Each structure stands twice: as structure tokens, then as C-alpha cells.
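1. Need a 3D model of the following:
(2 chains)
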Amino acid sequence: MDFKAKSKTLLLSVLGVYILLVSTHKGEFWPFSIYPMFSQAGKTWTRALVREEVDPKDRQIWNESSLDDLPGQLFAMDRIGINQNDLANFISKNEEWTDRRIQGLRSYFKKPLQSHNLMIYRVQGSLRGRSQDSVEVSYIPYLLLTTDSTVINPNL
Amino acid sequence: MKVFDNLFQYDRPETKGEFIFFKLFEFLILYQVLFFAWDWGNYIPALGDVILPLGIAHYLDISFMFGWIAWLNAALITLFVLWGFLRQQRFPYFISFLLFHLQYTARFSQGEISHGANLTGMSLLALGLAYAVFSTPVQRRKTTIGLVLFFVGIGYTSAAFTKLIGTGFTWPDGRHLWLWIAERATDRLSQSGSFQFNAIQEIVLQNYGVATLFLVAGWITEFLGFALWFRKIRSFIAVALIGLHFGVLISMNISFSAFVEILIIIGFPWYKLFDFLLRKKPDSMFNHFIEKQLGYR
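-> This is a model prediction of the structure:
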């Protein structure tokens, strides 16, 4: 086979494998992708935020509130060198909190949990208003991590 | 077909400038692969469990990588890409691609589907396949660049189509950009502990029309990604795509630096500049060195 025929065959073969893999793996088989990011516009998103110095005995900590009224102090993920995307996806995509999953999540916070309680919030954003022209962000207490326990919000 | 001529340059012989251009591209990919391999390698040991398997992790419990093996894999990737770059042998690049895939699937097993290194991975795959399939250096170089241009173009255009499929023709509604800006503000707050909107974000948040215009321009640019396949308009679309990434950076604080670096190299006919400079100094040591590399001497 000459160069022309061989290179065309190679390109079409890779394209075939590309299509096969993305169509059988929900659009992603790295580095092949249909690049679906931002494809579903206007949908409610879920992210995560961590607060420290939260009192586990205070029942109010399980209430939804605005950012300014959340208990404790903001805990920046930079402090433990973990990308917040990983925490947000761990929180939003995990369906069952098995022991292994809980230990996996706690492994992010090994050092701070030696001396601090941490509350992980599910942060949800959506378009609100009569003509959907304002963004509303809500902060839902989700997981309380203490030195020796992990508590899921009893109200959820 | 014209498109294959445009991608693989069947219709013209390789120049000395193109050889330099290819070496720059190869060096950039080598640098990016090493950067990601070690960046991910240093992060993977902090991970605890697989939340969302990607790639080979659909068939293999990738949690075995959560430890020193991630560093070993980074070291092996380094060894094989350097071997490929320095010795130009048949399989090192392809092996490094397979190991790089493994490193990606371990790093992004937490639920996030990152696309920041996709063009790097695609370029390494193109190098791996071109070197494995062809034995002539010129054919390897032409094939690599042709494959990269084709799949970069496909990527952008398919991104435009997924938006139409996922949302429909209302996708470029400015309110959607407001929602994403709020999402990214939460991300920045969570990561660093503070966040402030920049001037562009303030303008976008206050002007529905400007926000909509941002999204319309972005979608059209993405759709035209396939135009990278054609020599005559490649530079124009490359400028537009770099502009698109700049727009994403200032409006949503999302950086695709590896994409932009690759676009800067493959999107422009740098070889014409190199050929011009080489012609100006035909007896320079560098010119002789390049001719030696190409077997002219």
C-alpha cells in the first residue's frame, strides 16, 4: 500500500474506533470524546463547599441558609491540595455511601480531621424568577465529618 | 480527495522549515505529556475510591494505581516518550500513550470528566500510530500532523453538535452563561476561599444581550472547528479558536492552556517563516545541521 492509501486507511480506522468507543461509553473514552461539557444549558448544577469549626451538637447546622449565614468558617480546598472538582463530583455523583466510599471521601481530609469538624455542603444553582432571569444558589448541609464519625444530613 | 491533500500534504514535498515545525510540535507534546504524567502522578496517591470509571477503568479496577504505582507509571511514561523522541523507534510513543491513558483514568476516577489534556492525549496517539505504522521519517511526520489536525477539528465541531442535541437552538441564551458563571464562582470559592467577578463577568451578568452574543460567537467558532482541515483558512479558524478559549477563560475562569499551546503550533504555517530564515542564511551551521538531519548531506 502506498503512503496515500495507508494514511487514509489509518485515519478512517482511528475514526471508526473513535466512533465505536464514544458511542458505547457515554461519549467518553479518553482521549476520544464528543465533548459534552456545557451541552445541557440552563439545568440545575450541584457543587460542593466545605466549612470548618462547625459544632456537631448544634441542631441548626442541618438547616439550609444563605452563604453569609452558614455556620463555621470557609475551608479552602487549596489547603489540602485537592481539586474542588473532585469533591463536588464525589458528592454529586456518588449514589450509595458504603464504608469504602466514606473512607475514600475522608482520605481527602486526613490531616484537618485530626483537629477539626468539617461540614460538606451541596451547593445547588438554578435559574429562578418569572422569566428565569436570576440565579439562585442554595447551600444544603450534606455530610458532617468529625474526627471519628461521618453523619449524613438526617433531614435528607 | 482535497481534504486528505490538505491534511497529509501529499501534493508537496516536505521543506526544511516543516521539519523544524514538526520537531517543535513533537517537543511541545513531549513537554505536555511529562507535565500531566507527573502532575497526575503526584495527585493520584491522595485518592480513595473510584466514583466514575473512565476509559480502561470500565474494565479494570483502577484503584490499584492509588499509591506509589502512579509515580512508577509517570516514570515509565517519561522513559518511553524520551525514548521515542531521542531514538525515533517504532513503538515507544504508542506504549507511552497506553500508559498515559492509564494515568488519566486513575487521576480522573473521582467523577470529574476532564478534557484539559485531550488534545495532548490525541497528539501522543497520533505520534504513536504514525511511528508504529510508517517507517519513513517524512511519512511519520506528515501522518502525525494530518491526524492531529483532523481529530482536533472533529473535536470542536462535535462539541457544537452536542450542544444542539443536549439543549437545542436555545443553547446560546445569555441566562445560561449567568448560571455557569455562578457555578464557577462557587468552584473558585470552594477552591481558594475567595472569589470576585472580573470586569468582563460584571458586564456579562448585567447585559443579557452581551451574554447571548458571547455564547453565539462561541458556538459558531466551535462549529467551524472542522475548517482546521483546510490549509487556506486554517490560520483564521485557529485565531478564532484561540479567541474562544480566551473568552471561556475570562467569562468562566476555565483554562485550556494545553489546547491553546497546540493550536498555536498546528494552526499556523510556521514552516514558511523557518524556510524564509533558513534561505536568508544558507551557509549557517543550523542550516547544515537541519540538512544533515534530513539526509541531504
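2. so what does the biggest helix by length in chain A touch, helix or strand wise?
-> In chain A, taking DSSP state H as the definition, the longest helix is helix A:3-24. Helix A:3-24 sits against strand A:28-29, strand A:32-33, helix B:2-8, helix B:118-133, helix B:137-166, with contacts defined as 3 or more Cβ pairs under 8 Å, 6 or more residues apart in numbering or on different chains; DSSP states H and E. For glycine as for every other residue, the C-beta is placed from the backbone atoms N, C-alpha and C.
3. Now do the buried residues in that helix.
-> With burial defined by 16 or more other Cβ atoms under 10 Å in any protein chain shown, the residues of helix A:3-24 counted as buried are A:7-8, A:10-11, A:14, A:18, A:21-22.
4. part of a helix, is A:V123?
-> No - judged by DSSP: H, G, I helix; E, B strand; the rest coil, A:V123 forms no part of a helix; its state is strand.
5. Name the nearest residue to it, ignoring sequence neighbours.
-> Nearest residue to A:V123 in three dimensions, chain neighbours excluded: A:R47, at 4.6 Å (Cβ to Cβ, 6 or more residues apart in numbering or on different chains).
6. That neighbour and A:A88 touch, don't they?
-> Yes - contact between A:R47 and A:A88 holds when scored by Cβ atoms under 8 Å: they sit 4.4 Å apart.
7. and for those two, which residues touch both?
-> Common neighbours of A:R47 and A:A88, counting by Cβ atoms under 8 Å, 6 or more residues apart in numbering or on different chains, are B:187, B:190.
8. what's near enough to touch residue 125?
-> With no chain named, the answer covers chain A. Taking Cβ under 8 Å, 6+ apart, we find A:G125 in contact with A:44-45, A:47, A:135-138, B:179, B:182-183, B:186.
9. Please refer instead to chain B.
-> Here B:L125 is in contact with A:14, A:31, B:94, B:97, B:147 (criterion: Cβ under 8 Å, 6+ apart).
10. Output these as CSV; include the columns distance to B:G166.
-> Listed next are the contacts of B:L125 as CSV, based on distance: Cβ to Cβ, whole Å:
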residue, distance to B:G166
A:V14, 25
A:P31, 21
B:F94, 34
B:F97, 29
B:L147, 28
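11. Quick check: which helices or strands does the helix or strand encompassing the residue nearest to A:V123 pack against?
-> Using DSSP states H and E, A:R47 maps to strand A:45-52. Packed against strand A:45-52 by the contact rule (3+ Cβ pairs under 8 Å, 6+ apart) you find strand A:73-74, helix A:84-93, strand A:118-128, helix B:174-192.
12. List the contacts of it.
-> Contacts to strand A:45-52, defined as Cβ under 8 Å, 6+ apart, come from residues A:70-75, A:77, A:84, A:87-88, A:90-92, A:112, A:116-126, A:139, A:142, B:179, B:183, B:186-187, B:189-190.
13. Mark which of these are buried, thanks.
-> For the contacts of strand A:45-52, buried by 16+ other Cβ under 10 Å: A:70, A:72, A:74-75, A:77, A:84, A:87-88, A:90-92, A:112, A:116-126, A:139, A:142, B:179, B:183, B:186-187, B:189-190.
14. Could you identify the helix or strand that succeeds the helix or strand harbouring B:H245?
-> For B:H245, the enclosing helix or strand under DSSP H and E is helix B:231-252. Per DSSP H and E, the first helix or strand lying C-terminal to helix B:231-252 is helix B:257-266.
15. Pull out the buried positions in whichever helix or strand comes after that next one.
-> Using DSSP H and E, the next helix or strand after helix B:257-266 towards the C-terminus is helix B:270-280. Across helix B:270-280, burial judged by 16+ other Cβ under 10 Å covers B:270-271, B:274-275, B:278.
16. domains for chain A, by residue range?
-> Under the assignment automatic domain parsing, the domains of chain A span A:1-40, A:42-152.
17. Could you check the pLDDT of the residue nearest to B:V204 when sequence neighbours are not counted?
-> Excluding its sequence neighbours, the residue lying closest to B:V204 (Cβ to Cβ, 6+ apart) is B:A211, at 4.7 Å. B:A211 is assigned a pLDDT of 96 by the prediction.
18. Shouldn't B:A211 be within a helix?
-> Yes - the assignment for B:A211 (three-state DSSP) places it in a helix.
19. Around it, how many other residues sit close by?
-> B:A211: 24 surrounding residues under other Cβ atoms under 10 Å in any protein chain shown.
20. again with B:W178
-> Using other Cβ under 10 Å, B:W178 has 23 neighbouring residues.
21. Next, work out how far apart it and chain A are.
-> 5 Å (Cβ to the nearest Cβ, to the nearest Å).
22. do B:R90 as well
-> Distance from B:R90 to chain A, by Cβ to the nearest Cβ: 14 Å.
23. Ramachandran angles for that residue?
-> Dihedral pair for B:R90: phi -70, psi -50, per degrees, to the nearest 10.
24. For it, give me the pLDDT.
-> pLDDT, B:R90: 92.
25. my guess is it contacts B:A130, does it?
-> No - assessed by Cβ under 8 Å, B:R90 is found out of contact with B:A130, at 10.3 Å.
26. between the two, which one's more packed in?
-> B:A130 (23 against 15).
27. Hmm, B:V148 and the more buried one touching each other?
-> No - counting by Cβ under 8 Å, B:A130 does not reach B:V148; the two are 9.5 Å apart.
28. All set, thanks.
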